[in-house]
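> 3D, please:
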Amino acid sequence: MAASSSVLDGVFGINKPMGMSSAQVIRDCQHHFNPSTFFKPMIDQQKADRAQESNTKRKRRGFGKNDIRVKMGHGGTLDPLATGVLILGVGKGTKSLQSFLDCTKTYETVVLFGASTDTYDRVGKILKKTSYEHITRPMVEEALSSFRGKFQQMPPLYSALKMEGKPLYEYAREGKPIPREIATREVEVTELELVEWYEPGEHSHRWPAEEATTFERNFAEQVWKIEKQQMTSKKLTPEEEEEETKALKEHENFKRKADESVDALVYDRVNKRRKTSQHPPLMSGALGDLPPASPKPGRGSNLIPIDSNADAPPPWEDKGPPAARIRMTVTSGFYVRSFCHDLGVKIGSAAMMAELCRSRQGDFVLGSSNCLEYSDLEKGESVWAPKVKDMLAQWNSKSRGKTIEAPLRAKQNQPANTSERLPRNVSPEKLKGSNDTTTSEAKSSSKTQALPTPKPSSPIQDTESKEVVDSNSQETNGENDQVNTVQTTAAASVPAPQDPPLSDTKGKDVDEVSWNGFPDTPASQKA
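Numbering: from 1, shown residues only. So this is what the prediction gives:
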């Protein structure tokens, strides 16, 4: 059996742990998948394909990209702080990952009130602290009503969105003013509910201890003022304009002095020599045992610092601020961090995102049969391989059923294009006239007696007869309308089958494609 026939491609979900980037999850999966027996057919197939490549294509791939590994990708990134469903595509399943960027997602987040950070979550730097004694559960539930449905949302300060080719966070780091308005995006919240309310002193969530710099505070104030103007469509009052001008002047003076002091800084030359080992040199044998090798974490691991202030006194003298656990179902492009920040502003305070879990994305649900636990990877191939096999088989069975159904609905409603199926030197008008004559002769002869079927007397008729056979063999592709257009004398006495009415589509769009995002091509061409 060929290696390609044993390759399993598809899509499955994995429960991403906290503190790890989405790219690191892929690298960890490849670390376990590449040497496995389960994915050996895929690796062998890639090696066979590489062996047949030309030198030009091999050079075009570039240095360092010639290694063989399991092809993988994800269908929507998760922040290092977040946990939950991360959709992974394997092999040809990566082609359908784009469709998951537009599907709905369900999140559960914990909102901590009383302070805001530059990243809008608990791993950032404190920008502002404000009062929180007035915050109650009914107040928060009433404020949630303004976030249901469709509305315009401002991205976070440190989001990956770019303005004039530069990410927003670069403006904050460099202390430069924003060149123009920050583009908002329309988002939609279909479900939003307060799941659990934490009174002051009933939770362990804390604000971060690090304070933001003057640059970052000024940048945040600049963004928030722009947001206020864009959302309210109101101009600043003269007092607000004067205050803003004064703040910008102070910011520019501070930045100029900081730039002038850079020249006085002295940088030590980087030592290019290798550092000596922390362990004393040992030889295997009588002189001692070698220190055990510890696994090296990936560059995308441990991105969330350990809370060193967990045992320290809380950053407040009273019981502290309240918190709320909120569940929401949102559309593509929604920022949960921005929602937490905006919720704090809505109730006259400040807020940050303390926890985030994506419990569902599309049809992939946390804890279901199509979502793998990350801890299963460390348990070995005997544990994760059977689960991944079932998940990929489940994906392929669903995608095949959807992919076959969509082209049939679309092609049944397409107009007949006879010019693409006619023999050479035969125009549609000539064939139409021939068909009309043949049909009238058949009607008149049917009143007297059935005539024997005449044999084709020209190469054109022979070609048309073959065309009918080929079209009938393609009946499953929904091309009956084209078959009925090309008639021979032999088929004239048989009533032509009628096309199904447009109502057979049951109100669905004729251009509807399969939900998995695969192109509507036969399965034989996908392999």
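> the residue lying closest to Met328 once chain neighbours are set aside: how many residues sit nearby?
For Met328, the nearest residue in space outside its immediate sequence neighbours is Leu192; the separation is 4.8 Å by CB to CB, 6 or more residues apart in numbering. For the C-beta atoms, the positions are set from N, CA and C on the backbone; glycine is no exception. Other residues within reach of Leu192, judged by other CB atoms under 10 Å, total 16.
> which secondary structure state is assigned to Leu192?
strand (DSSP: H, G, I helix; E, B strand; the rest coil).
> and the one 3 residues further on, by the same measure?
Secondary structure state of Val195, per three-state DSSP, is strand.
> try Arg337
Taken by three-state DSSP, the conformation at Arg337 corresponds to helix.
> got a list of what the nearest residue to it once chain neighbours are set aside touches?
Sequence neighbours aside, Tyr120 is the residue nearest to Arg337 in space, at 3.7 Å (criterion: CB to CB, 6+ apart). Neighbouring residues of Tyr120 by CB atoms under 8 Å, 6 or more residues apart in numbering: Pro156, Leu157, Tyr158, Tyr335, Arg337, Ser338, Cys340, His341, Met352, Met353.
> swap in 7 Å and give it another go.
Shown here is Tyr120, whose contacts under the criterion CB atoms under 7 Å, 6 or more residues apart in numbering are Pro156, Arg337, Ser338, Cys340, His341, Met352, Met353.
> also Gly76?
Applying CB under 7 Å, 6+ apart, one finds that Gly76 lies in contact with Ile87, Phe100, Leu101, Gln361.
> now swap in Lys125 and tell me
Residues in contact with Lys125, defined by CB under 7 Å, 6+ apart, are Thr117, Asp118, Pro208, Glu210, Glu211, Ala212, Glu216.
> for it, which non-adjacent residue is closest in space?
Spatial nearest neighbour of Lys125, chain neighbours left out: Ala212 (3.9 Å); criterion: CB to CB, 6+ apart.
> for the stretch 51-200 of the chain, just list every one of the helices.
Along the stretch 51-200 of the chain, the segments classed as helices by DSSP state H, counting those that start in this stretch run 55-61, 137-144, 168-174.
> got the ones you listed as TSV, with distance to Glu186 and mean neighbour count columns?
Below are the helices of the stretch 51-200 of the chain laid out as TSV (distance: least, CB to CB, whole Å; neighbours: other CB atoms under 10 Å):
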stretch	distance to Glu186	mean neighbour count
helix 55-61	40	10
helix 137-144	19	15
helix 168-174	19	16
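> so for Ala82, which of those sits nearest?
Shortest distance between Ala82 and the helices of the stretch 51-200 of the chain, using CB to CB, is found for helix 168-174: 18.2 Å.
> so where is the stretch 201-350 of the chain shaky, pLDDT-wise?
Across the stretch 201-350 of the chain, the stretches falling below the confidence threshold (pLDDT under 70) are 226, 229-300, 302, 305-312.
> the stretch 251-400 of the chain: helices as residue ranges?
Under DSSP H, counting those that start in this stretch, the stretch 251-400 of the chain gives helices at 336-346, 375-378, 381-412.
> please work out which of the ones you listed is packed deepest.
Of these, the one with the most neighbours on average (mean count of other CB atoms under 10 Å) is helix 336-346, at a mean of 22.
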